[in-house]
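**Q** Got a sequence here, can you model it:
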Amino acid sequence: MRLTHGRLTLELHEIAAGRSGHQALLLLHPLYGSSAYWSEAPVTWPGGVYALDFSGHGCSDWLQGGAYYAELLAADADAALAHIGRAAVVGAGLGAYVALLLAGSRAELVTATLLVPGAGLSGAGPAPEFTAPRLPIDHPLPHESKGAHDPMVRVLDREVRPPEYVEPFARAANRLLLIDDQGPRPPWWQAARRSPRAESAPADLSVAWERLAAISP
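**A** Next up, the predicted model:
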């Protein structure tokens, strides 16, 4: 289905209709991805399951005359929430960062959130690196596939993500599950993990889905 968000039109895919009266699930993909990333979405989720294509990705519109940043994608996800209502949220990579922003700013709508590693998770780190070389606009970056996204979304991988910025979002969120597979995690993730609202989730994604369902009212 197509959703209007400002000057853009977003694609929201209904993966499973679900049973009436049950809470929905919103899936947010990694950087350079799309809703197709969620080929292993939990078919046993009792409510509707939806996957959003962020602006500049998948079947959603590309931004004309502006810049991509995480808060814009959080607004994309907020537009999806306005359509589907109260939901649990799962985000992978960049989508995990966006999911945390959404969970903290829309606690009345996001009941529980699962954060999963993936492309775009770290961004440019916790602080600006003023001496870092600038990449030319046509410089290829990992995970890119021609035509699948606006080339300008690469700036999302160069965004600074200070831990102190995410801490209020993590404290305001209802329940946070963070996949713990012993892999490296950026400072913003560690800050979210220290929130009293947070707990570790198993690396087995199918088990993590079950835990998310168990804590989602």
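**Q** for this structure, what spans make up the helices?
**A** For the chain, the helices defined by DSSP state H cover 70-84, 94-105, 163-172, 187-193, 205-215.
**Q** and Pro126, which of these is closest to it?
**A** Nearest of those to Pro126, taken as Cβ to Cβ: helix 187-193 at 4.3 Å. C-betas here are computed from N, CA, C, even on glycine.
**Q** roughly how far is the closest one from the heart of the chain?
**A** The chain centroid and the centroid of helix 187-193 are separated by 15 Å under Cα atoms, centre = their mean, to the nearest Å.
**Q** Pull up the gap between Ser60 and Leu26, please.
**A** Per Cβ to Cβ, to the nearest Å, Ser60 is found 15 Å from Leu26.
**Q** Apologies, that question was intended for Ala87.
**A** As for Ala87, its distance to Leu26 is 5 Å (criterion: Cβ to Cβ).
**Q** try Leu100
**A** For Leu100, the distance to Leu26 (Cβ to Cβ) stands at 13 Å.
**Q** Spell out the residue ranges of the strands in the protein.
**A** 2-5, 8-16, 24-28, 49-53, 87-92, 110-116, 176-180, 198-202 (DSSP state E).
**Q** Tell me which residues of the shortest one come out buried.
**A** Same thing as strand 2-5. Residues of strand 2-5 classed as buried by neighbour count (16 or more other Cβ atoms under 10 Å): 3, 5.
**Q** center of the protein - which residue?
**A** Closest to where the C-alpha atoms of the chain average out (Cα atoms, centre = their mean) is Gly95, at 1.9 Å.
**Q** tell me the contacts of the nearest residue in space to that one that is not next to it in sequence?
**A** Of all residues not flanking Gly95 in the chain, Leu28 sits nearest, at 3.4 Å (Cβ to Cβ, 6 or more residues apart in numbering). Residues counted as contacts of Leu28 (Cβ atoms under 8 Å, 6 or more residues apart in numbering) are 52, 54, 73, 77, 89-92, 95-96, 98-99.
**Q** Flag the shaky bits of the protein, pLDDT-wise.
**A** 130-147 (pLDDT under 70).
**Q** now with 90?
**A** Counting by pLDDT under 90, the ranges of the chain that qualify are 1, 4-8, 16-22, 39-46, 64-67, 124-149, 158, 181-183, 205-206, 216-217.
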